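1. sequence first, then the predicted structure:
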Amino acid sequence: MKCLSLIQPWATLILTGAKTHETRRWSTSHRGLLAIHASRTVPLGIQHLCDEEPFCSALRAAGYESAVELPRGVILGTVELLDVLAVDRLDLSQLPPREIAFGDFSPGRFAWKLANPVLFAEPLSVRGKPGLFQTDEHSSPSGGGFAPK
């Protein structure tokens, strides 16, 4: 299965359904199921961002009081990658302000349209990699493979 590693809080925001577009500097031809990995590190500046709106309320709704509680170094779940569009082809006025706040919709970037997030009952400890990477969907600490929550 293809996997994308993201810095927290963006991985959690995607899997709770609060974020439906992931913005990247690059496109991909991949469509379909995509595992979402939370990277091991969260830079201090981003930890502080989690204390600001709309991040704070979205994370609290997911059960997290602060950035230090967010899981790291694990695959949190899966989403469906429906489409990838150049940001300059999007009508940003059609996106909610919160969605705009959660991404970088600068010209020259790409918006990955995500749907159907599935949060795993138990995250899978996996080392992340840059870009899209292949992960063994049958490996988990309990030997049960990818299992939704």
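-> Perfect, I can see it now.

2. can you pull out the helices in the chain?
-> Along the chain, counting by DSSP state H, helices occupy 10-15, 44-49, 55-61, 97-101.

3. any idea which of those helices is most buried?
-> Highest mean neighbour count of those: helix 10-15, a mean of 25 (counted as mean count of other Cβ atoms under 10 Å). (C-beta placed from N, C-alpha, C; glycine too.)

4. restricting to C-alpha, output it in CSV.
-> Output of helix 10-15 as CSV, limited to C-alpha atoms (Å, rounded to 0.1, in the frame of the first residue of the first chain):
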residue,chain,number,x,y,z
TRP,A,10,-1.9,17.4,9.7
ALA,A,11,-1.9,13.6,9.8
THR,A,12,-4.5,13.7,12.6
LEU,A,13,-6.6,16.5,11.0
ILE,A,14,-6.8,14.3,7.8
LEU,A,15,-7.9,11.2,9.7
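
5. what's the mean pLDDT across that helix?
-> Regarding helix 10-15, the rounded mean pLDDT is 96.

6. circling back to that earlier point, save the helices of the chain as CSV, and put in distance to G108 too.
-> Converted to CSV, the helices of the chain look like this (distance: least, Cβ to Cβ, whole Å):
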stretch, distance to G108
helix 10-15, 19
helix 44-49, 22
helix 55-61, 24
helix 97-101, 16
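
7. for R72, which of those helices is the nearest?
-> For R72, the closest of the helices of the chain is helix 10-15, at 8.8 Å, according to Cβ to Cβ.

8. counting by contacts, list what that closest one packs against.
-> strand 32-38, helix 55-61, strand 74-86, strand 110-125 (3 or more Cβ pairs under 8 Å, 6 or more residues apart in numbering; DSSP states H and E).

9. buried set for the first one?
-> By neighbour count, and taking 16 or more other Cβ atoms under 10 Å as the criterion, the buried residues in strand 32-38 are L34, A35, I36, H37, A38.

10. show the pLDDT at the nearest residue to W10 once chain neighbours are set aside.
-> Nearest residue to W10 in three dimensions, chain neighbours excluded: K19, at 6.5 Å (Cβ to Cβ, 6 or more residues apart in numbering). pLDDT, K19: 97.
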